[in-house]
Every structure is written in C-alpha cells, then in structure tokens.
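J.: model this:
(one chain, ligands or ions: 1)
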Amino acid sequence: MEDQVPGKVSLVGAGPGDPGLMTARALELISRADVIFYDRLIPPDALSGARDDAELIYVGKMPGTVHNPQEEINRRIVDAAREGREVVRLKGGDPFIFGRGGEEAEELAEAGIPFEVVPGVTAAIAATATAGIPLTHRDDSAGVAFVTGHRDAKTEQGIDPDGSLALFPGTLVFYMGVKRLAENAADLIAGGRPADQPAAAIQNGATPKQRVVTATLGTIAAKVEAEGIRPPALIVIGDVVRHHSKLAWFGNRPLAGRSVVVTRARHQAGKLAAMLRGQGADVIEMPVIEIQPIAPDREALDVFARGEIDLICFTSPNSIDRFFEVIGEELEMDARDLSTWVAAIGPSTARKLKEYGIRADIVPDRAVAESLLGKLVDDGHADKRILIPRAQEAREVLPDGLRQVGADVTILPLYRTVPVSPEPEVLKKAAEADAITFTSASTVKNLLAAVPDGLPGLVNVSIGPVTSEAMRKAGIEVSAEAEQSDLNGLAAAVAAALNCEPGEAEL
Ligand code: SAH
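T.: Predicted coordinates:
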C-alpha cells in the first residue's frame, strides 16, 4: 500500500480574544481545515467559520490542572496530519510568543510533516493598544521586552538572576505575571529599576471585559491584589504607562463594560453585533427566530414574469435577497428585468437594493408601512399594479391600504420566521445582561415563547414604533426606541438608554 501523503499543519495565532483581531489568513485556514485543535484563550466565535464536518478538538489547559500534556497534543496533531488531513492548531495570541508553538513546529519538522506558521496579534501588542500604552515612545522607551513571569522551572531561579532585566532600557511586559508579581517586582527593584517607575496591569485586554489598573513598580503587586486582577493579565513596567491616563480610549467607548443581548436571526445578527461591539459592548447573541425560505406562489411570480407590475415595494432586506434568489432560480431573471418603479420601506432596505445595483425611487421618512403607504399615495402611485415580496406573516397595513385607494396588489410571500429556543447557558448570560434589543415584532413574540416572563431587569430597546407596539402589547416595557428605525438608530438608542458613563474600571 502506498504511504498516505501527510496533510499540512498550520500553527495559527488567533489574537487576544477579539474576533475582529484575527488575521485574514487565520480565517481562511479555519474555513478549510479538516480538523482544528484549539486552546482556551481563543475568541468566542473563532470557530464559527469552520466547515460543518470539521472535527473541533479542545486541547486547552485550565490553569492549575494537568490536562492534555503537551506530548499528547503533539502526538495527536502528528497523527491527524499523517492521516492526510489538513490540520489547524489554533492558539491564543501569537503561536511563537509563550505559546509553545516553537516546540510544536520542531515536532512537525522532525516528523517530516509540512507546516505553516501564521502569526497572531500577541496579548502585549493588543492589550497595550487598547489600554492606550504605546510600548515604544521617542521620549519614554527605546525598546520593549516580552518576559515570562514564571520562574525558570529547571533552575528555580528568579526572573532576573543577574539584574540585567532590571536595567533593560525600555518597557518590560510580563506574560503570566500575576502569581509571582510581588517577587518579580522586588527582584527588579533590587536589580536597580526605580521603585517609582509607572506600572500597569491589564486583565482581559482587548476584550469587553478589559480592566486596567495603574500604580508604580513598588506598589503594583499590592494594587493588583487589592483590586482582584486575575489571569489572563499582563504587567507592563515603564515610563510609557503614564500615557494611559490620556490615551485610554477603549474603556471610554459609549458601551464599554455593558452587555447587550441581540435577538435577531443568527445570519442577520452580525451587523448589529459588530456595531455594538464597536462601541465597546459585550454582545450576547441569542437568536429567537430563524428565517426559513418558502416556495414562491407561482401565480404571483408569473404576474411579475409577464411584466404586469409597475411598482415593487420591498419591506425588508431579507425580502430583497430572497426575491432575487427566486427570480433567478425560477424565472432565470435578474435585476435587469426590473423595469418598474422600486420602493424601499427604509434606509437599510434601500442600502440592500444598492447591492443589486438598484436605486430605490421611493423611500419614506419613517421606516414603517404607514409612512410608505402615505408616500405612495402622495406621490401618485396608488393606481398602479404593485408587487409586495415579503414575509408570510407580515402586517396587512400596506396591501390593504393600497387596495383601498385602487391599487392592484399582488403579494409574494417568500419566507417565514420560525422560533428558535436559546441554549440554557446563553439564556443564563442574557438574563444577567444590561440591555436587550428587539428588531421586529417577531423577535418580541418569539422571545416570550422561549422565556414566558421575558428578561426582567434589562433595559428593553426597540428598533421602531411597530416593534414597540408589539412589546407593549406583550407587556414588555419599552425603555427606549430608536429615533431612526434602522441598526444605526438602534445602536444609538442602546447607548442613550444605558446613559453611558465610561465603563472601564479606572481604579
Ligand atoms: N501566545 C499568547 C500568550 C499565551 S501565555 C499570546 O501571544 O498572547 C498566556 C498569557 O498571555 C496570560 O497569562 C496573560 O499574561 C497573557 N494574555 C493572553 N491573553 C490576554 C489578554 N486578553 N489580556 C491580557 N493578557 C493576556
């Protein structure tokens, strides 16, 4: 039998914990891998782009436990590659910075297995950028050293046996530096580093849970202890730390330190989640609905195919994607066949149309059916032949109103929303959040189907009047409503409702 050609192993850095700080190369390799061995400190959604049939294997160690010794991990990686599989070994931060990536690469080289190393944003780079501490600075630091806070296991010596680290002319960043901080700081002072030099500890850097405390080399250990700073944390020692008070931007973002629940369908949640994260929020994605395509009504489709339509009213971005999918598949038509007027209910629907190269002719001031109806009547479109591609269970305000003023309306239901029950652990996190967002009446209905009492104690934020009405009817108090009924408006309303003080623990 011929020997199996070994697959390639990629040692991939996943960055410090923010999905946005993963490299394009990392995402590409994750999306192609047959098997992924991953650590504990990788970003929450790091594996969401993996193939459905990929094997995902957790090999992380919990601090203080002897779980999955390194040789065992190495052996499993080598075995997987020898089976001809494409392997990703995903590690927090950078694989070659205190990540044992060097040892794993050596093992692969010895075993003759092809490998690639993909750098990641290491914790020291990420956490100091977010804490507003420039690692080098023309006035304050001519260099930077990344140092382990553990003492050498073999020699049992301290971190600075000959005092050379103390005299390093630049910034020192300690990884794994919390446990032995008091001894290490004392060693550095004994070696000649000034006790009054500024120092900082950054916990969960570059994530929504980031905490920063500052002190001096002489006092940092006591401060870390008093404030309960825990791993994963970095200790930064050097004059550059004094820039933090001016440059701290991350913890000053409007939603820093706040957690917000997003209830919309998973495939739609990304944009709102990213907007809220961009403002500093810890986002809990808890989809309560899912969009399911339904087979189009042939008769309604034929009316369009025969060109017997003067105006198409799009009432959601979903209906646009699905409409073009359906006319492509069923009629072999595309955007060029829309020789009609086109109306969009609001700005996000109009933006979605632009993706298909179509400029909406009609967009009302407010993104609700009543406003669209009013505008169509005012602009003299009421006597037209109108097609409304939409959800199966949409409100009848628009078609009924149009028919009343003499329009010939064809409804084309293209999808429906079905309820999804959240996982218990997601629900538990959601119950402890600060705010919850509702983006449609169906998110309201289906949240209550999953959690009959709703989530008491949370600030309830609505995307617009129709959703607010559904909330009130369901007995959910509307804490805030978006002024502009779109995702930007909603994100702004969340920030306003939580009347955001800067959230970072500035201790
Ligand atoms: N390879 C990783 C480091 C692994 S060692 C990297 O390049 O970042 C684990 C140590 O990294 C932790 O003890 C802590 O000191 C540091 N660390 C990892 N993620 C961190 C984060 N988000 N904030 C602060 N420190 C972090």
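J.: low-confidence stretches in the stretch 401-507 of the chain?
T.: Where the stretch 401-507 of the chain drops to pLDDT under 70, the residues are 500-507.
J.: list, one by one, the residues from it near the ligand.
T.: Within the stretch 401-507 of the chain, not a single residue sits near the ligand (C-beta under 6 Å from any ligand atom). C-beta coordinates here come from the backbone N, C-alpha and C atoms, glycine included.
J.: for the stretch 401-507 of the chain, which segments are assigned as helices?
T.: With DSSP state H, counting those that start in this stretch as the criterion, the stretch 401-507 of the chain has helices at 424-431, 441-450, 465-473, 487-497.
J.: could the ones you listed be laid out in TSV, adding mean neighbour count?
T.: Output for those, formatted as TSV (neighbours: other C-beta atoms under 10 Å):
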stretch	mean neighbour count
helix 424-431	14
helix 441-450	21
helix 465-473	18
helix 487-497	21
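J.: between those helices, which one is nearest to residue 406?
T.: helix 465-473 (25.1 Å; C-beta to C-beta).
J.: care to break the chain down by domain?
T.: 9-119, 125-248, 259-288+420-497, 299-325+338-414 (automatic domain parsing).
J.: what's the end-to-end length of the first one?
T.: Think domain 9-119. With C-alpha to C-alpha, to the nearest Å as the measure, domain 9-119 spans 14 Å from end to end.
J.: hmm, residue 279 and residue 253 touching each other?
T.: Yes: counting by C-beta atoms under 8 Å, residue 253 touches residue 279, with 5.2 Å between them.
J.: picking that back up, export the domains of the chain to a markdown table and tack on distance to residue 332?
T.: Below are these laid out as a markdown table (distance: least, C-beta to C-beta, whole Å):
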| stretch | distance to residue 332 |
| --- | --- |
| domain 9-119 | 30 |
| domain 125-248 | 47 |
| domain 259-288+420-497 | 26 |
| domain 299-325+338-414 | 10 |
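J.: for residue 331, which of the ones you listed is the nearest?
T.: When the domains of the chain are compared by C-beta to C-beta, domain 299-325+338-414 sits nearest residue 331, at 5.1 Å.
J.: residues in contact with residue 214?
T.: Contacts for residue 214 were tallied using C-beta atoms under 8 Å, 6 or more residues apart in numbering; they are 198-200, 223, 241, 244-245.
J.: let's see that with 10 Å instead.
T.: Residues in contact with residue 214 (C-beta atoms under 10 Å, 6 or more residues apart in numbering) are 131, 133, 198-202, 220, 223, 236, 241-242, 244-245, 248, 506-507.
J.: centre of the chain to whichever helix in the chain runs longest, how far?
T.: In the chain, ranked by residue count with DSSP state H as the criterion, the top helix is helix 317-331. Counting by C-alpha atoms, centre = their mean, to the nearest Å, helix 317-331 is centred 28 Å from the centre of its parent chain.
J.: same for the helix or strand that comes right after that helix, what does it pack against?
T.: Sequence-wise, the next helix or strand beyond helix 317-331 is strand 341-344, with elements assigned using DSSP states H and E. Other elements packing on strand 341-344 under the criterion 3 or more C-beta pairs under 10 Å, 6 or more residues apart in numbering; DSSP states H and E are strand 311-314, helix 317-331, helix 347-355, helix 369-378, strand 385-391.
J.: packing partners of the longest one?
T.: Spelled out, it's helix 317-331. Against helix 317-331 (3+ C-beta pairs under 10 Å, 6+ apart) you get helix 266-278, strand 289-293, helix 298-305, strand 311-314, strand 341-344, helix 347-355, strand 385-391, strand 408-419.
J.: so which bits of that helix are buried?
T.: If you call a residue buried by 16 or more other C-beta atoms under 10 Å, then helix 317-331 has these buried ones: 317-324, 326-327.
J.: now, which of those sits nearest the ligand?
T.: For the buried residues of helix 317-331, the residue nearest the ligand by C-beta to the nearest ligand atom is residue 317; the value is 34.5 Å.
J.: tell me the contacts of the closest one?
T.: Taking C-beta under 10 Å, 6+ apart, one finds 268, 271, 344-346, 348-353, 355 in contact with residue 317.
J.: try 6 Å
T.: Residue 317 makes contact with 348-349, 352 under the criterion C-beta atoms under 6 Å, 6 or more residues apart in numbering.
J.: show the pLDDT at the closest residue in space to it that isn't next to it in sequence.
T.: Spatially, and ignoring its direct neighbours in sequence, residue 317 is nearest to residue 352 (3.9 Å; C-beta to C-beta, 6 or more residues apart in numbering). The per-residue pLDDT reported for residue 352 equals 95.
J.: and the nearest residue to residue 465 once chain neighbours are set aside, how far is that from residue 24?
T.: In space, and not counting its chain neighbours, residue 465 is closest to residue 368: 5.9 Å by C-beta to C-beta, 6+ apart. Computed with C-beta to C-beta, to the nearest Å, the distance linking residue 368 and residue 24 is 39 Å.
J.: compare these two and say which is more crowded by neighbours.
T.: Per other C-beta atoms under 10 Å, whichever of residue 368 and residue 24 has more neighbours is residue 368, with 22 against 8.
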